[in-house]
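**Student:** With the sequence up front, the predicted model follows.
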Amino acid sequence: MSTNHAKPNFSQSQAAEIVKKHYNLTPSQLHRLPSYDDQNFCIATVEGGKYLLKIMNSVNTKDPTLIELQTYAMNFLHENGLPTQMTIKTTMGQDMILEDIDCGSGLQKHLVRLLTYLPGVPIHEVPSSSQLLYEVGQTAARMDNTLKEMKHPQLCVLQRDGFIWSLSNIPILEKYIKVLDGDPLLEVVRSVLQQYKTAVAPKYSSFRTCVIHGDFNDLNVLVQANETNGYKISGIIDFGDMNFGYYIYELAITITYMMLEHPNPIDVAGPILAGWESVFPLNAAERECLFWLVLSRLCQSLVMARFSVTFQPENEEYLMLSSKKGITVLRKLFEIGKEQVEKVWFQSAAQFSDKK
């Protein structure tokens, strides 16, 4: 996010008024949820329902077609059996509304949606198991296979050329890495960027394309207890990074974030990979590039978090949440090296698949 005022700062009373005015619902409880560049409120109502009020930042609000596509994708996945949110229509039958409101820095326009509230807690809050990680990989691949079938007249909007969080735009990080000046990790990041250019980019033509969620992370995957004293996936949230990309990008992003909370990060990829390949087996080029794509995402997260803090210093704790943990993982994987890490990943995946 390039401007300090982009993130909305609605008060609880302003949020409550929107729900009353546009949805004819009366909030009984309302509290803020952590967010990166939008604003989210969890709302319970007198009428008995529980919802998520999502207020888009002023930059993304200028691209309503993109938000419409994200909303359409959520509903499409839900209709096809994936545990995503659905939009609640306004009293006028709209999926989203445009609010012109002053949050303390003058009038700003913000797109607002009311979404169903999904049960469960973020996956990082529960003990990780190989079976749950297998389900994560399987669900991510199933999601992308379903999105591949999605039709919409404005689908081309998801190309999102220049989108900083696309793994195709890793070379753009070179414009931002000065935020790491003096940090010992700077040379690691530079090495990863070089490997991306020489080992990953030339293989684009061999990667399979699709629409991806783009942020299948440990905060956006919800889980709840199952009948065998374990956990199952109960929700997929936050489609703000959805874009046209490659299947292998989704897998790399998923592995990256699931490593962050695990006591042994290197062990995470095996069961995720096994789950993924039970739906969508990788080809040779995709397997060859997985390691560098995971490290590229770790670098992307670190650099952009540091950059965002310069504009949102008051939100530093949340912005740096993933990247702080990612620093340790990035350093460890880089030191072990591609050959040894891949050996662990692919042997573990094969062993897990054999048990199925």
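**Tutor:** Right, received. Where do you want to start?
**Student:** can you give me the helices in the stretch 251-356 of the chain?
**Tutor:** Ranges of helices in the stretch 251-356 of the chain, per DSSP state H, counting those that start in this stretch, are 269-277, 284-309, 316-319, 321-336, 338-355.
**Student:** Using JSON lines, lay out these together with mean pLDDT.
**Tutor:** Below are the helices of the stretch 251-356 of the chain laid out as JSON lines (pLDDT from 0 to 100):
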{"stretch": "helix 269-277", "mean pLDDT": "98"}
{"stretch": "helix 284-309", "mean pLDDT": "94"}
{"stretch": "helix 316-319", "mean pLDDT": "62"}
{"stretch": "helix 321-336", "mean pLDDT": "87"}
{"stretch": "helix 338-355", "mean pLDDT": "94"}
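**Student:** residues contacting the residue nearest to residue 278 when sequence neighbours are not counted?
**Tutor:** Excluding its sequence neighbours, the residue lying closest to residue 278 (CB to CB, 6 or more residues apart in numbering) is residue 138, at 5.6 Å. For every residue, glycine as well, the C-beta is placed using N, CA and C. Going by CB atoms under 8 Å, 6 or more residues apart in numbering, residue 138 touches 275-276, 278-279.
**Student:** all helices for the protein, in order.
**Tutor:** Secondary structure of the chain by DSSP state H: the helices cover 12-23, 64-79, 130-147, 186-195, 247-259, 269-277, 284-309, 316-319, 321-336, 338-355.
**Student:** would you turn those helices into a markdown table with distance to residue 53?
**Tutor:** Output for the helices of the chain, formatted as a markdown table (distance: least, CB to CB, whole Å):
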| stretch | distance to residue 53 |
| --- | --- |
| helix 12-23 | 6 |
| helix 64-79 | 14 |
| helix 130-147 | 24 |
| helix 186-195 | 37 |
| helix 247-259 | 25 |
| helix 269-277 | 32 |
| helix 284-309 | 23 |
| helix 316-319 | 18 |
| helix 321-336 | 22 |
| helix 338-355 | 40 |
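**Student:** domain assignment for this protein?
**Tutor:** Taking automatic domain parsing as the reference, the chain has its domains at 12-116, 121-355.
**Student:** Please identify the deepest-packed of those.
**Tutor:** domain 121-355 (a mean of 18; mean count of other CB atoms under 10 Å).
**Student:** Endpoint to endpoint, it covers what distance?
**Tutor:** For domain 121-355, the first-to-last residue distance is 28 Å (CA to CA, to the nearest Å).
**Student:** so how far is it off the chain centroid?
**Tutor:** Mean C-alpha position of domain 121-355 versus that of the full chain (CA atoms, centre = their mean, to the nearest Å) differs by 9 Å.
**Student:** ditto for stretch 27-35
**Tutor:** Mean-position distance between stretch 27-35 and its chain equals 21 Å (CA atoms, centre = their mean).
**Student:** what does that stretch contact?
**Tutor:** Here stretch 27-35 makes contact (CB under 8 Å, 6+ apart) with 7, 12, 15-16, 19-20, 39-46, 52, 318.
**Student:** Of these, which one scores lowest on pLDDT?
**Tutor:** Within these, the minimum per-residue pLDDT falls on residue 318 (63).
**Student:** closest one to residue 58 among the helices of the stretch 251-356 of the chain?
**Tutor:** helix 284-309 (15.5 Å; CB to CB).
**Student:** mind putting the helices of the stretch 251-356 of the chain in CSV, distance to residue 218 included?
**Tutor:** Formatted as CSV, those follow (distance: least, CB to CB, whole Å):
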stretch, distance to residue 218
helix 269-277, 12
helix 284-309, 12
helix 316-319, 14
helix 321-336, 8
helix 338-355, 18
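**Student:** which pair in the contacts of stretch 27-35 spans the largest distance?
**Tutor:** Greatest spacing in the contacts of stretch 27-35, by CB to CB: 46 and 318 (30.5 Å).
**Student:** which one's the longest strand in the chain?
**Tutor:** Of all the elements of type strand in the chain, the one with the most residues (DSSP state E) is strand 107-116.
**Student:** Pick the one among the contacts of stretch 27-35 closest to residue 346.
**Tutor:** residue 318 (34.5 Å).
**Student:** thinking again about what came up before, compute the inter-axis angle for the longest strand of the chain and helix 12-23.
**Tutor:** Comparing the axes of strand 107-116 and helix 12-23 via axes from the mean of the first three to the mean of the last three CA atoms, to 10 degrees yields an angle of 70 degrees.
**Student:** so what secondary structure elements neighbour strand 107-116?
**Tutor:** helix 12-23, strand 50-55, helix 64-79, strand 87-88, strand 97-102 (3 or more CB pairs under 8 Å, 6 or more residues apart in numbering; DSSP states H and E).
**Student:** Quick one: distance of the shortest one to the chain centre.
**Tutor:** Taking CA atoms, centre = their mean, the mean C-alpha location of strand 87-88 is offset from the chain mean by 20 Å.
**Student:** thinking again about what came up before, pick the one among the contacts of residue 138 closest to residue 353.
**Tutor:** Residue 353 has its nearest neighbour among the contacts of residue 138 in residue 278, at 7.1 Å by CB to CB.
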